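>>> Predicted model and sequence follow; I will ask about them next.
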Amino acid sequence: MQDVISSVTVFALDPMAIVDMETAKIDPWLWRYDRVIASDSTMARRVLDEMLAQLEAQQWQQRDIFAVHLATEEALANAIQHGNGCDTQKNVRFVCLLGADRIHIEITDEGRGFDPSNLPDPTCDGHLHAPRGRGVMLMRAFMARVAFNARGNSVIMEKERGPRESSRQ
Amino acid sequence: MPAYQRLEVTEVGDVTVVRFRNRRITEDIDIQELGSEMFRLVESDKREKILLNFSTVEFLGSAALGKLITLDRKVKAQGGVLKFSNIGPNIYEVFAITKLNRFFDIKEDEADALAAF
């Protein structure tokens, strides 16, 4: 009886304690996706659409889905075109971890890499035709975090989902 | 002359109004064909006043922006005028972030754009 009372007391004092322990045992990610694809835009579209379908299923706001879609589209295009030089013998690894409130994406190509700090500013007149500069600029604008590895052939992007829309009348 | 596959082309007075048949203008073969058709408007069909109506477009990325910049250059080279209209808020943000909203002549809707030619 004393044990029961003490456990109930613990629960009443700190109801989150037991929940935290349980949560820690549960995978924080609702959906994990890890695919290696050839440097081909059709394959890129396939993995992108898989991810977008998950965001729709989790009822992310359209604005956030647009943001993730755009950033991922740019990153995949960069990996295929600039990283792998459109060589279909080279692969791109696409990893997506989707949690209740955030998304984590990693895209890695087999290229030599590049220095993301050395990109031309695509907003100045002389660089209107700077394709990669514009893509990275959009990635940084639409995702909360964008980080390249030291070599520059892998990018991590993360975003928290916005507040859920109120239920429809 | 083959019909346009990616574009819906109509005439309103002396202005060529163009809508996109693809809701998503994305990084693959679509973008090359779309670019080719847009350039054909100018270079082959010699249209001088072109309005791109984006009302059907839900998504476009930087590759599309590149084609639009090239289109603008080709139109100007022919002494023509290019305007955009009906750009939704998400896509407008893409133009704004890349500062291309200052580069292109963007109007709220088709009526405003037609009046401005």
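Ah, there it is.

>>> residues of stretch B:102-117 that come out buried?
B:103-107, B:110, B:113-114 (16 or more other Cβ atoms under 10 Å in any protein chain shown). All C-beta spots, glycine's among them, are computed from the backbone N, C-alpha and C.

>>> just the CA coordinates of that stretch, formatted as PDB?
What follows is stretch B:102-117, C-alpha atoms only, in PDB (Å, rounded to 0.1, in the frame of the first residue of the first chain):
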ATOM      1  CA  ARG B 102      12.600  44.800 -58.500                       C
ATOM      2  CA  PHE B 103      14.000  43.500 -61.700                       C
ATOM      3  CA  PHE B 104      10.700  42.300 -63.300                       C
ATOM      4  CA  ASP B 105       7.600  44.500 -63.800                       C
ATOM      5  CA  ILE B 106       5.100  42.700 -61.500                       C
ATOM      6  CA  LYS B 107       1.500  43.700 -61.300                       C
ATOM      7  CA  GLU B 108      -1.200  42.500 -59.000                       C
ATOM      8  CA  ASP B 109      -3.600  41.200 -61.500                       C
ATOM      9  CA  GLU B 110      -4.100  40.800 -65.300                       C
ATOM     10  CA  ALA B 111      -6.300  43.900 -65.600                       C
ATOM     11  CA  ASP B 112      -3.600  46.100 -63.900                       C
ATOM     12  CA  ALA B 113      -0.900  44.700 -66.100                       C
ATOM     13  CA  LEU B 114      -2.900  45.100 -69.300                       C
ATOM     14  CA  ALA B 115      -3.600  48.700 -68.400                       C
ATOM     15  CA  ALA B 116       0.100  49.300 -67.900                       C
ATOM     16  CA  PHE B 117       1.300  48.300 -71.400                       C
END
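
>>> who touches that stretch?
Identification of contacts with stretch B:102-117 by Cβ atoms under 8 Å, 6 or more residues apart in numbering or on different chains yields A:128, B:12-15, B:17, B:49, B:51, B:53, B:55, B:68-69, B:72, B:81-87, B:92, B:95.

>>> gap between the residue nearest the centre of chain A and chain B?
Nearest to the geometric centre of chain A sits A:I105, at 2.8 Å (Cα atoms, centre = their mean). Distance from A:I105 to chain B, counting by Cβ to the nearest Cβ, to the nearest Å: 16 Å.

>>> Equivalent analysis for A:R112, please.
According to Cβ to the nearest Cβ, A:R112 stands 22 Å off from chain B.

>>> Now go through the buried residues of stretch B:102-117 and say which are in strands.
Residues from those lying in strands, with DSSP state E as the criterion: B:106-107.

>>> May I ask which helix or strand encompasses the nearest residue to the residue nearest to the centre of chain A once chain neighbours are set aside?
Spatial nearest neighbour of A:I105, chain neighbours left out: A:M157 (4.7 Å); criterion: Cβ to Cβ, 6 or more residues apart in numbering or on different chains. In this structure, A:M157 is located in strand A:154-160 according to DSSP states H and E.
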